[in-house]
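Undergrad: sequence and predicted model, in that order:
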Amino acid sequence: MKKAICHYSFHRQYKAEGWTPLRLAEEVARLGVEGVDFHAGLLGSSEGATEQIRSAIEQTQRTLSGLSLSNNFNQADPDELRKQIDTVKQWLAVGAELGAPVMRIFGGHLRNRYDPQARREARRRVLDALGQVVEDAEKYGVVLALENHGGLPCTGEEQVEIIQAVDSEHLRATIDVGNYMSCGQEGHIGTQITAPFAAYVHFKDYHKVMDSGALWGWQTRPATVGQGDVDLYACLVALKAAGYDGFIALEYEGTDDEGIGVPQSVAFMNEVMAGF
C-alpha cells in the first residue's frame, strides 16, 4: 500500500494563504509522502486544471493518487441534478487526460436516513446519476470510487449495494475509514465489508462523543489521525486481507492548525503502516 495526502487536509491554508496546486504538492513532498490527491471543489473550474496538476506533480516528482469530486446527486430539482452530472463529466475528462488512477465520487446528501420515502427517492436519483456518469467513465477508462459520505451511502453495506446495483467495473469504492462512524458503524467493520470493492482509501480519524440522545449512542468530532477512536490498524488489516494495494490517502479534518495536525497525522500514518 502507498501513501498520499488529500488536498482537503490543507483546505483552510489553501484558501486563506492562496495556495496553488504546486504549493500543495510542494508541501506533500516536504512531508515525504509519495502521492497527492487534488480536490475539484478547491481547484474551482476544470478549465486549465489538467495543466496545473500535471505541472505540480512533475515539478515536485510526486504521484497523482487521485482526483476528488464533490457532487451531490440527491437533487429534487432536475436542472440542479443535470448540473451535478455535467460537472462530474467535465472532471472525468480531466481525470482521463491526467491518467488519474481513481476519481472519488459521492452519492447524495440525505438528512433523514430513516425516512423510507426520502431514502427511496434519494436512492433512485443516485443510481440514475451514477449510471450516467459511469458511461463516461467506461468510455474514458477511468475508475470512479464511491465514498461513504453525505448520507447515501454511509455504511459499508450501502456502498456495496449501490456498487452492485450499478454493476460496472468502473464504479468501485472509496473507503473513508472515519465516515462509517457518522452512521453508527465502527470504521473497521465498514472497511471489512467494503474492502473487496476498494479502489481508494481515505485515512481519517474521529472522536466518539457519547450522546444518549443519538440513535447509536454517539456523535463524532474530527481528530488528528491516530488520536481518535477509529481502529486504524484493524482497518489496514482488513484492507490487506482483501488484497488492496492502492493508495492510503490521509484526510486530515481535525480542528488544530493544519501545519501541526497534518504532520502529526503523517507521523502516525508512517508508524501504523510500517509492514503494510
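TA: Everything's here; your move. Numbers count the residues shown, from 1 in each chain.
Undergrad: so how far is the biggest helix by length in the chain from its chain's centroid?
TA: In the chain, assigned by DSSP state H, the helix with the most residues is helix 116-140. Centre-to-centre, helix 116-140 and its host chain are 18 Å apart (Cα atoms, centre = their mean, to the nearest Å).
Undergrad: again with stretch 24-35
TA: 18 Å.
Undergrad: could you do stretch 236-256 as well?
TA: Counting by Cα atoms, centre = their mean, stretch 236-256 comes out at 10 Å from the chain centroid.
Undergrad: quick one, strands of the stretch 51-200 of the chain?
TA: Per DSSP state E, counting those that start in this stretch, the stretch 51-200 of the chain carries strands over the ranges 63-68, 103-105, 108-109, 144-147, 151-152, 171-176, 198-203.
Undergrad: these two touch, right, Ala165 and Asp128?
TA: No - using Cβ atoms under 8 Å as the test, Ala165 is too far from Asp128 to be in contact (10.9 Å). Bear in mind the C-beta positions are built from the backbone N, C-alpha and C, glycine included.
Undergrad: that older thread, and the strands of the stretch 51-200 of the chain: which comes nearest Thr220?
TA: strand 171-176 (12.1 Å; Cβ to Cβ).
Undergrad: give me the mean pLDDT for the closest one.
TA: The average pLDDT within strand 171-176 is 98.
Undergrad: tell me the angle it makes with strand 63-68.
TA: Relative orientation of strand 171-176 versus strand 63-68 (axes from the mean of the first three to the mean of the last three Cα atoms, to 10 degrees): 100 degrees.
Undergrad: what strands flank strand 171-176, and is each parallel or antiparallel?
TA: Sheet pairing for strand 171-176, assigned by DSSP bridges, gives strand 144-147 (parallel), strand 198-203 (parallel).
Undergrad: looking at those, which is closest to Gly32?
TA: strand 198-203 (15.6 Å).
Undergrad: from the chain's centre, how far out does the closest one sit?
TA: Worked out by Cα atoms, centre = their mean, strand 198-203 lies 7 Å from the chain centre.
Undergrad: Provide the contact partners of that strand at residue level.
TA: Outside of strand 198-203, the residues within contact range by Cβ atoms under 8 Å, 6 or more residues apart in numbering are 6, 65-66, 102, 104, 143, 145, 147, 172-179, 225, 232, 239, 242, 244, 246-251, 265, 269.
Undergrad: please apply the same query to stretch 118-132.
TA: Stretch 118-132 has contacts (Cβ under 8 Å, 6+ apart) with 71, 73-76, 81, 84-85, 105, 107-108, 110-113, 144, 146, 151-152, 162, 165-166, 171.
Undergrad: list the buried residues for it?
TA: Within stretch 118-132, the residues that count as buried by 16 or more other Cβ atoms under 10 Å are 118-119, 122-123, 125-127, 129-130, 132.
Undergrad: let me know the closest of the residues you listed to Val36.
TA: Nearest to Val36 among the buried residues of stretch 118-132, with distances taken as Cβ to Cβ, is Leu130, at 26.1 Å.
Undergrad: separation between the closest one and Ile105?
TA: Distance of Leu130 to Ile105, given as Cβ to Cβ, to the nearest Å: 8 Å.
Undergrad: need the residues touching each of the two.
TA: 144, 146.
Undergrad: my guess is Cys183 contacts Thr155, does it?
TA: Yes - when contacts are counted by Cβ under 8 Å, Cys183 is listed as touching Thr155 (5.6 Å).
Undergrad: related to what we said a few turns ago, Thr50: which of the buried residues of stretch 118-132 is nearest?
TA: Among the buried residues of stretch 118-132, and counting by Cβ to Cβ, the member closest to Thr50 is Gln132, at 22.5 Å.
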